[in-house]
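1. Predicted coordinates and the sequence they were generated for:
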Amino acid sequence: MSAIQLEQFGASYSAKPPILIGASSDAAMARAVRAVEAADFRVGDRMTLADARERIDQQIAASAVWLELDRDCGGPMDELLEYIDSKAADGRFAAIVSTTTQLIDPIAARLPNRSVELIVDADDSERAAALAIATGHVGMDQRVADVASDQSADRLRQLSDEVSRIAATLARLSSGPASVGSAVAPHPKTEAPEVSAETVRSIIRARRLRARYFSEELFADPAWDMLLDLLQAEIAQLRVPVSSLCIAAAVPATTALRWLKTMVSNGLFIRRADPHDGRRVFVELAPEASMALRRYFAEVGSPAVI
């Protein structure tokens, strides 16, 4: 009797929640298996990317799907990501995609919804946190006991605080009288004040200089850093891909991607497909966010805004 049949008849060999794992290489599979088992979940099956969709369709109830991608697998990877994104958005299962910095753009282009946890160059604690966050969204227990019990506990708590901060921001942004109006204060429709590119660049430079003298963690403010970077790009008429915006956020890529999802969902940022490259998306300021930033700089005037 197969493992699938065992689960169908309630004869599973373990009561731990099963996770289906797809990977782009043997090394990637080993990393994913270690992360899932360390978080006290059970590996329901190990899948190649070519077989993953059919295997997932066979699973009556998957707790989560974990994709570990350490190389660009082209079309098959793109199709699987779109499938995972769609099913996760429908609430069929939780989904985590773990990848490297080099693959941010082609992977982010296939994950337009907020349902998939995307982590980049993640350590063991970040992996456990992502699994807990993803499965928590679908009402499962957050089981991270093994990782939390070792020296990574402080890092895991830090990640939990980070996610809580993003969630609190999301709640504040969505609590106003309108979804976009709550994120950006309303203003009469008048011409946007002029802001020089050099003004914005000087502020960005000043913010980066702080890292020479203090730990960057003391001043982590990815939302503001991304707003400044997109305003600078807008003034210079440049387009910003997801990977570049993650760098501008001055925080780990996983953190930047979580903030990016929050900003898009609240109408501050807009994702636009690259018309010349279907495996890349650009990010730009929403008109209301651009107007708010320009009015802010006009009101502050010459004093440095850091």
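-> Thanks, I have it.

2. Relative to Leu285, how far out is Cys275?
-> That one is not Cys; residue 275 is Pro. Separation of Pro275 from Leu285 (CB to CB, to the nearest Å): 19 Å. (Each C-beta comes from the backbone N, C-alpha and C, glycine too.)

3. Ala35 now?
-> As judged by CB to CB, Ala35 and Leu285 stand 35 Å apart.

4. Between the two, point out the one with more neighbours.
-> More neighbours surround Ala35 than the other of Ala35 and Leu285, with 27 against 23 (other CB atoms under 10 Å).

5. any idea of the pLDDT on the residue nearest to that one when sequence neighbours are not counted?
-> Nearest non-adjacent residue to Ala35, counting by CB to CB, 6 or more residues apart in numbering: Arg127, 3.9 Å away. Per-residue confidence at Arg127 stands at 90 (pLDDT).

6. In contact with the closest residue in space to Ala233 that isn't next to it in sequence, which residues are there?
-> The shortest distance from Ala233 to any non-neighbouring residue, by CB to CB, 6+ apart, is to Val240 (4.8 Å). Residues near Val240 by CB atoms under 8 Å, 6 or more residues apart in numbering: Asp229, Leu230, Ala233, Ala248, Phe282, Val283, Glu284.

7. Could you count how many residues lie near the last one?
-> Right, Glu284. Neighbour count for Glu284, taken as other CB under 10 Å: 18.

8. Could you do the first one as well?
-> Other residues within reach of Asp229, judged by other CB under 10 Å, total 21.

9. Please tell me how far it sits from Val251.
-> Using CB to CB, Asp229 is found at 13 Å from Val251.

10. and if you look at Ile84?
-> Ile84 is 25 Å from Val251, by CB to CB.

11. pLDDT wise, what is the residue nearest to Ala233 at?
-> 97.

12. same check, this time on Val97
-> We note a pLDDT of 97 for Val97 in this prediction.

13. residues touching it, list them.
-> Trp66, Leu67, Leu69, Leu81, Ile84, Ile107, Leu111, Val116, Glu117, Leu118, Ile119.

14. before we move on, what about Cys73?
-> By CB under 8 Å, 6+ apart, Cys73 lies in contact with Ser24, Leu49.

15. need the helices for the stretch 51-200 of the chain, in chain order.
-> Counting by DSSP state H, counting those that start in this stretch, the stretch 51-200 of the chain has helices at residues 75-89, 104-108, 124-137, 145-148, 153-173, 197-209.

16. Which other helices and strands does the last one contact?
-> The reference is to helix 197-209. helix 222-236 (3 or more CB pairs under 8 Å, 6 or more residues apart in numbering; DSSP states H and E).

17. Going along the chain from the helix it packs on, find the next helix or strand for me.
-> Sequence-wise, the next helix or strand downstream of helix 222-236 (DSSP states H and E) is strand 240-241.

18. Given that next one, what are its sheet partners and their directions?
-> Strand 240-241 pairs in its sheet with strand 277-285 (antiparallel), by DSSP bridges.

19. okay, the angle between the strand it pairs with and helix 222-236?
-> Relative orientation of strand 277-285 versus helix 222-236 (axes from the mean of the first three to the mean of the last three CA atoms, to 10 degrees): 100 degrees.

20. how about strand 277-285: buried residues?
-> For strand 277-285, burial by neighbour count (16 or more other CB atoms under 10 Å) applies to Arg279, Arg280, Val281, Phe282, Val283, Glu284, Leu285.

21. Check stretch 239-247 too.
-> For stretch 239-247, the neighbour count (16+ other CB under 10 Å) marks Val240, Pro241, Val242, Ser243, Ser244, Leu245, Cys246 as buried.

22. now stretch 261-276
-> Buried residues in stretch 261-276, counted by 16+ other CB under 10 Å: Lys261, Thr262, Met263, Val264, Ser265, Asn266, Gly267, Leu268, Phe269, Ile270.

23. Ok, stretch 201-215 next?
-> Buried residues in stretch 201-215, counted by 16+ other CB under 10 Å: Ile203, Ile204, Arg207.

24. nearest to Gly44, of those residues?
-> Nearest to Gly44, judged by CB to CB, of these is Arg207 at 44.9 Å.

25. gap between the closest one and Arg201?
-> Taking CB to CB as the measure, Arg207 falls 11 Å from Arg201.

26. What of Arg114?
-> From Arg114 to Arg201 the distance is 31 Å (CB to CB).

27. Over to Asp274?
-> Remark: distance between Asp274 and Arg201 (CB to CB) = 25 Å.

28. repeat for Asp45
-> Separation of Asp45 from Arg201 (CB to CB): 50 Å.

29. In a strand, Phe214, correct?
-> No. Applying DSSP: H, G, I helix; E, B strand; the rest coil, one finds Phe214 to be coil, outside a strand.
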